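> Output the structure for:
(chains A and B)
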There are 2 protein chains.
Amino acid sequence: MSASSNCVLYAGAKPVFADINPETYNIDPASIRKLITPRTKAIVAVDFTGQAVELDEIRKICKEHNLLLIEDAAHAIGTTYKGQPVGSLADMTCFSFHPVKTVTGGEGGAITTNDEKLYRHLMRLRTHGITRDPEEMVHPTDALWYNEQVELGFNYRMTDFQAALLLS
Amino acid sequence: MSASSNCVLYAGAKPVFADINPETYNIDPASIRKLITPRTKAIVAVDFTGQAVELDEIRKICKEHNLLLIEDAAHAIGTTYKGQPVGSLADMTCFSFHPVKTVTGGEGGAITTNDEKLYRHLMRLRTHGITRDPEEMVHPTDALWYNEQVELGFNYRMTDFQAALLLS
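Numbering: from 1, shown residues only, chains lettered A, B, ... in the order given. Down below sits the predicted model:
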């Protein structure tokens, strides 16, 4: 489970651990409520062993405190919550294609979001913070050869043949 | 070339740019000398378009100032310097297997080092800072099932089929 807390450390923030519901091993919304401070920015909730977290209650907490909900659905491709697939209910939902997961691409993963601003940001971050969209550039141009690096990004692209394995 | 400076930012440090030799487009050792301060930790030197940097002179600067030499040989698989292959001459040499490079694995890369301590550190960093070696553990055990996360690492493993493509 280290990835779910390491992502917070990568961002330069401090992970605060909430307790779990001993019946499901999933994060306990009552425990989350006790830990929120004005410095809290987001909730990272893990769908442990493929069971969806209590999304209604956690989304309510996020709305009340203006927090981002990042759902770690690494175990939970195909899981539904009240009839809706996970990946459609949080601000961002992360899936894993690691070899021991439900569906694999060798390594890698995917993030779903319904927020266009987050989507564009994620697309830049995965390829060195580079954009080809003049609207996102500091020095806009229509030149087709021009790429602009507008922020600190990463090299997180997946290979075509990983995608082919995923689709198979 | 953003990767060569982004790696410094990822580490929370400040990249300082040295000038190039206009004949080779490679980093100019005289320019490096002018920029060294007591806060300098390492030199990142790029073998531009497959030409080795001036390794003798840069290694001398590193030795004088106790700096680490990280050679970015993304363009330079197969390059030699005074008869010796790059990858054997710096503290760490980084190669790239990106699709536009000399040899490709789809994505990915490799780092060579002759320093066992750095090697062990790199091996931990690429897989979440996890070790299975009791000598590296805070709570050593011989239990075969036990993995210990001893530092903040990343998910930077290459898939088997990328390696197969590389070997082909």
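> What separation do you get for the residue of chain A positioned farthest from its centre and chain B?
Centroid-distance maximum for chain A: A:Ala143 at 32.7 Å, with Cα atoms, centre = their mean. From A:Ala143 across to chain B, the span is 18 Å (Cβ to the nearest Cβ, to the nearest Å). In this view, the C-beta of every residue, glycine as well, is placed from N, C-alpha and C.
> quick one: pLDDT of that residue?
Note for A:Ala143: predicted pLDDT of 85.
> Could you chop chain A up by domain?
Chain A breaks down into these domains under automatic domain parsing: A:1-114, A:116-163.
> and the ones you listed, which is most packed in?
domain A:1-114 (a mean of 16; mean count of other Cβ atoms under 10 Å in any protein chain shown).
> from the middle of its chain, how far away would that domain be?
8 Å (Cα atoms, centre = their mean, to the nearest Å).
> Run through who's touching stretch A:121-135.
Outside stretch A:121-135, the residues that touch it by Cβ atoms under 8 Å, 6 or more residues apart in numbering or on different chains are A:92, A:111, A:113, A:120, A:136-137, A:140-142, A:146-157, B:2-3, B:6.
> Which strands or helices does the helix or strand that contains A:Cys62 pack on?
Using DSSP states H and E, A:Cys62 sits in helix A:55-65. The elements that helix A:55-65 packs onto, with contact taken as 3 or more Cβ pairs under 8 Å, 6 or more residues apart in numbering or on different chains; DSSP states H and E, are helix A:29-35, strand A:42-46, strand A:68-72.
> Just the residues contacting that helix, thanks.
A:27, A:29, A:32-33, A:36, A:40, A:43, A:45, A:67-69, A:71, A:81-82, A:86, A:89-91.
> contacts with chain B among those residues, please.
Among the contacts of helix A:55-65, none lies close to chain B by the criterion of Cβ under 8 Å from any Cβ of the partner chain.
> So which residues on chain A come close to chain B?
Counting by Cβ under 8 Å from any Cβ, chain A sits next to chain B at A:2-3, A:6, A:9-10, A:105-107, A:128-130, A:149, A:152-153, A:155, A:157-162, A:165.
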